[in-house]
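>>> Please work out how this folds:
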Amino acid sequence: MLHSVSVSAAVIDAQGRFLVIQRSDNDRWEPPGGVLELGESIHDGLVREVEEETGLRVTPLTLTGVYKNVRRAIVALVFRCEVVGGQECAGSECRSVSWIAADDLSSLMVEAYGIRLTDALAPGSPHVRTHDGTRVVGESPSS
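This is a model prediction of the structure:
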């Protein structure tokens, strides 16, 4: 089976809130991001996806996690990012863009997406986890 590669941004503001989007297709709250295009670099795809969905331009700082959706054969790379420009607005694939506190992640997001943001707060090596689209089902021993 072929896999696709997606990228997501963990953007944290000065108040410790996370940048999130509400998707138009399924109403889920998730970190901004999406599937890389053929021939596109990882960082270029990340910057493009975040800007398309939120109107904000980011700079990737560090890889914080690698997540595999075993049901959909998607590998997601999550990067801690900082906002360097743009004007916040929901893109065509989003209902809403918001900044939410870490305490609100579990009530707004399924575990498989919320953990991507909380992992971005942890120092050290990137986390490597497996999920089924909703729940985390495994992680590497080194995480």
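>>> ok, and the helix or strand in the chain with the lowest average confidence?
Lowest by mean pLDDT, DSSP states H and E among the helices and strands of the chain is strand 136-139, with a mean of 85.
>>> Which residues does it contact?
With contact meaning Cβ atoms under 8 Å, 6 or more residues apart in numbering, strand 136-139 is reached by 70, 111, 112, 115, 127, 128, 129, 130, 131. C-beta coordinates here come from the backbone N, C-alpha and C atoms, glycine included.
>>> Number of residues surrounding the closest residue to residue 135 other than its chain neighbours?
Here the nearest residue to residue 135 in space, its sequence neighbours aside, is residue 111; by Cβ to Cβ, 6 or more residues apart in numbering that works out to 5.2 Å. By other Cβ atoms under 10 Å, 16 other residues sit near residue 111.
>>> ok now do residue 42, which residues does it touch?
5, 7, 36, 77.
>>> what about it, distance to residue 59?
13 Å (Cβ to Cβ, to the nearest Å).
>>> does residue 90 sit in a helix, a strand or a coil?
coil (DSSP: H, G, I helix; E, B strand; the rest coil).
>>> Wait, it touches residue 32, no?
No - contact criterion Cβ atoms under 8 Å: residue 90 and residue 32 do not qualify, at 10.3 Å.
>>> which residues do the two both contact?
What both residue 90 and residue 32 touch, as defined by Cβ under 8 Å, 6+ apart, is the set 21, 53, 54, 97.
>>> Tell me which two of those residues sit farthest apart.
53 and 97 (7.4 Å; Cβ to Cβ).
>>> what about the two, which has more around it?
residue 53 (24 against 18).
>>> Let me see the contact set for that one.
21, 32, 33, 34, 90, 91, 93, 94, 97.
>>> Right, I'll leave it there.
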